[in-house]
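Novice: next come a sequence and a model predicted from it.
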Amino acid sequence: MSRLVIALAFLCFAPVCISADELCPGCNGTGRVGCPACAEPFGVVWVGKCRGCQGPWAQNRGHCNRCGGTGTCPDCHGNGQACMGCDGSGRVPDGTAGRARERKEREAKEAVAAAMKPLKFTIGAWKGQGVDPEKKKYTTQGSWERALGDWYHLSIDRTTKEGKTTESTGFLTYNRAHESYRYYLFFETGRCSMLSGEAARDGRSLLFPFQGADGRDLRWVMALDPDAKKVATGLQAMTEGEWETISEDVSERVADAPLRLSKTEPAKELENLDFLPGSWEEETRFEGRTEKQEYVFESILNGHWLRCAGKTDSREFVGMLTFLPEQKEYEYIIFHSDGDITVYSGRAKNGRTIEFTPQGKEGVRWTWKLDPDKGRVKELVEVDDGEGGWKVVAESEAVRK
């Protein structure tokens with residue numbers, strides 16, 4: 001059996017992802033997989049979690065219709081089943097996992113490219129106008145651009161209504177394992193939402209169903225007209241067995257260059273992280289090696305979000321960080337250029353320490369020790385040693401340029 005390899009994601013203050021050549025690609029070494037209703041072909045992450053919302057997202061927000069917001073697979077009740085690829089041992093011969101992982105990434109990238117092809121004409125800047133559910137008119141400026149090696153389309157929307165302009169941004173991608181589009185939206189309020197949808201049968205619309213706060217069945221529709229270079233988006237509600245449009249706007253492409261989000265000062269909820277905006281260098285030590293990374297933090301969306309973008313030798317990333325006052329915790333969502341999306345929850349231990357844990361995974365913690373006076377952040381990534389303690393597997397120090 002080969003030794004354990006610690007593969008660092010090298011993201012903006014990023015944790016490590018622990019893997020090994022001999023870990024079974026069917027269960028990531030856990031020996032367990034989801035039932036047929038929630039399992040992925042390889043590299044199962046959400047064991048026994050709801051296939052519709054992938055578990056933690058619904059647990060935080062309760063928006064998933066399939067599982068009722070529990071995040072647990074309703075077919076296997078979260079228990080999953082033993083992995084047949086490794087007979088529940090979690091181990092396979094050396095090299096098997098690496099080859100399976102490469103094949104999975106290649107096939108996933110091909111599937112994403114095919115799914116995003118109908119949206120190719122949307123790349124660029126757009127202008128439009130519409131009417132909201134209260135029949136109030138508004139105008140929009142927006143843009144789409146390719147992001148992170150074509151795994152995502154990045155959207156920026158600037159809406160002006162009754163003299164007030166608001167901004168939002170989002171990441172649209174295709175999840176091959178669940179055969180659905182995923183649209184992650186970030187708003188000036190600090191709120192974020194994830195819509196899961198599919199292409200209509202005619203291939204000219206994307207349909208994203210969800211449940212409204214009042215319990216109504218709703219769906220957001222993105223109708224594509226590449227010939228006219230127009231896109232109509234609308235909100236529809238199920239009324240007496242039929243879909244009724246309650247708001248709609250129509251936009252047309254006006255330029256090649258995308259918009260850029262306005263930069264702002266961090267909001268009060270993020271005041272202990274107000275020293276982060278700017279350029280950073282980081283040095284990470286693991287397994288006797290040292291790696292260096294560079295990235296940039298920006299304060300956006302009325303200061304309620306910190307966006308971090310950068311790259312390493314192996315991949316690029318964009319992270320979105322906010323604070324959730326009701327939960328009294330941080331939320332950090334990281335989008336990787338190999339298609340991975342990871343959500344972290346963070347709790348402040350004191351004014352200068354934040355401990356993050358990846359949602360849906362146990363036995364890993366990632367600690368930030370903040371030193372705003374010196375413009376530094378020290379990090380520790382630790383794993384459960386199985387004996388009631390924690391083992392340090394990586395240490396980092398980030399310095400603001």
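Specialist: Everything's here; your move. Everything quoted here is computed from the prediction, not taken from an experiment.
Novice: what's the closest non-adjacent residue to the residue nearest the centre of the chain?
Specialist: Geometric centre of the chain, nearest residue: residue 341, 4.2 Å, by Cα atoms, centre = their mean. Distances taken as Cβ to Cβ, 6 or more residues apart in numbering put residue 335 closest to residue 341, at 5.6 Å, once the chain neighbours are dropped. C-betas here are computed from N, CA, C, even on glycine.
Novice: may I see the buried residues of the top helix by length along the chain?
Specialist: When the chain is scanned for its longest helix (criterion: DSSP state H), the result is helix 96-116. Neighbour counts over helix 96-116 (16 or more other Cβ atoms under 10 Å) mark 96-98, 100-101, 104, 108-109, 111-112, 115-116 as buried.
Novice: what's the offset of it from the middle of its chain?
Specialist: Here helix 96-116 is found 18 Å from its chain centre; the criterion is Cα atoms, centre = their mean, to the nearest Å.
Novice: hey, what's the residue nearest to residue 341 bridged with?
Specialist: Beta bridges link residue 335 to residue 318, residue 341, judged by DSSP bridges.
Novice: what strand or helix carries residue 370?
Specialist: Assigned by DSSP states H and E, residue 370 falls within strand 364-371.
Novice: send the alpha carbons of that strand over as PDB?
Specialist: Provided in PDB are the C-alpha atoms of strand 364-371 (Å, rounded to 0.1, in the frame of the first residue of the first chain):
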ATOM      1  CA  VAL A 364     -11.300  17.700   9.100                       C
ATOM      2  CA  ARG A 365     -10.900  21.200  10.500                       C
ATOM      3  CA  TRP A 366      -9.200  24.300   9.000                       C
ATOM      4  CA  THR A 367      -8.200  27.100  11.400                       C
ATOM      5  CA  TRP A 368      -7.400  30.700  10.500                       C
ATOM      6  CA  LYS A 369      -5.400  32.700  13.000                       C
ATOM      7  CA  LEU A 370      -5.800  36.400  12.000                       C
ATOM      8  CA  ASP A 371      -3.200  39.000  12.600                       C
END
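Novice: hang on, the earlier thing: could you dump the buried residues of helix 96-116 to TSV with distance to residue 66 and pLDDT?
Specialist: Formatted as TSV, the buried residues of helix 96-116 follow (distance: Cβ to Cβ, whole Å; pLDDT from 0 to 100):
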residue	distance to residue 66	pLDDT
96	33	72
97	30	70
98	34	72
100	28	73
101	28	72
104	25	76
108	23	82
109	27	86
111	22	89
112	23	90
115	21	93
116	25	93
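Novice: can you give me the helices in the chain?
Specialist: So, for the chain - with DSSP H - the helices run 56-61, 96-116.
Novice: take those helices and write them to a markdown table, including distance to residue 128.
Specialist: Below are those laid out as a markdown table (distance: least, Cβ to Cβ, whole Å):
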| stretch | distance to residue 128 |
| --- | --- |
| helix 56-61 | 28 |
| helix 96-116 | 21 |
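Novice: what's the closest of those to residue 298?
Specialist: Closest of the helices of the chain to residue 298 is helix 56-61, at 24.3 Å (criterion: Cβ to Cβ).
Novice: now do the residue nearest to the centre of the chain, the pLDDT please.
Specialist: Looking at residue 341, its pLDDT stands at 88.
Novice: and for the one 3 residues further on?
Specialist: In the predicted model, residue 344 carries a pLDDT score of 92.
Novice: one more: residue 294?
Specialist: pLDDT at residue 294 comes out at 89.
Novice: buried residues in the strand holding residue 370?
Specialist: 364-368, 370.
Novice: tell me what it is packed against?
Specialist: Strand 364-371 sits against strand 353-358, strand 376-384, with contacts defined as 3 or more Cβ pairs under 8 Å, 6 or more residues apart in numbering; DSSP states H and E.
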